[in-house]
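Asks: coords please:
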Amino acid sequence: MSCLHLLNKSPSAGPLDELRNLLAPGDGLLLLEDGVYFLHKPEELASLPQGLSLYFLTEDLLARGLNGPLPANAATVDYDGFVALCASHDKTASWF
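Replies: Numbering: from 1, shown residues only. Just a heads-up that it's a prediction; the model follows:
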């Protein structure tokens, strides 16, 4: 069963330390709200499991003025894409 994990905490809150062991190949991780600041933490994103799909919410990147290059394994999604991701995974888990 695939799970879409929603993470809105900034890197300084240390959320990936807790979440990393719950992520599995085939899961998705959507970084939204302050979670998009992980764009500036490529070393933390590189430690995520292989086979995990990584997404950034476009509107939150723009709202925070973040426009750097995305990691090679990441994509941006808008709100419609967010809904599509929720529908394409078996379940969602919010890490707020």
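
Asks: Where do the strands of the chain begin and end?
Replies: Residue ranges of the strands in the chain, as given by DSSP state E, are 3-7, 28-31, 53-57, 74-77, 91-95.

Asks: Contacts for the second one next, please.
Replies: The set of residues that contact strand 28-31 without belonging to it, under C-beta atoms under 8 Å, 6 or more residues apart in numbering, is 2-8, 23, 38-39, 48, 52-57, 60, 77, 82, 85, 89. C-betas here are computed from N, CA, C, even on glycine.

Asks: Just the buried ones among the residues you listed, please.
Replies: 3-8, 23, 38-39, 48, 52-57, 60, 77, 82, 85, 89 (16 or more other C-beta atoms under 10 Å).

Asks: I'd like the strands of the chain as a markdown table, with mean pLDDT and distance to Ala13 appended.
Replies: Formatted as a markdown table, these follow (pLDDT from 0 to 100; distance: least, C-beta to C-beta, whole Å):
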| stretch | mean pLDDT | distance to Ala13 |
| --- | --- | --- |
| strand 3-7 | 98 | 10 |
| strand 28-31 | 98 | 13 |
| strand 53-57 | 98 | 17 |
| strand 74-77 | 97 | 20 |
| strand 91-95 | 95 | 10 |
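
Asks: check contacts around the closest residue to Cys86 other than its chain neighbours.
Replies: Nearest residue to Cys86, sequence neighbours excluded (C-beta to C-beta, 6 or more residues apart in numbering): Thr92, at 5.6 Å. Listed by C-beta under 8 Å, 6+ apart, the contact set of Thr92 reads 3-6, 86.
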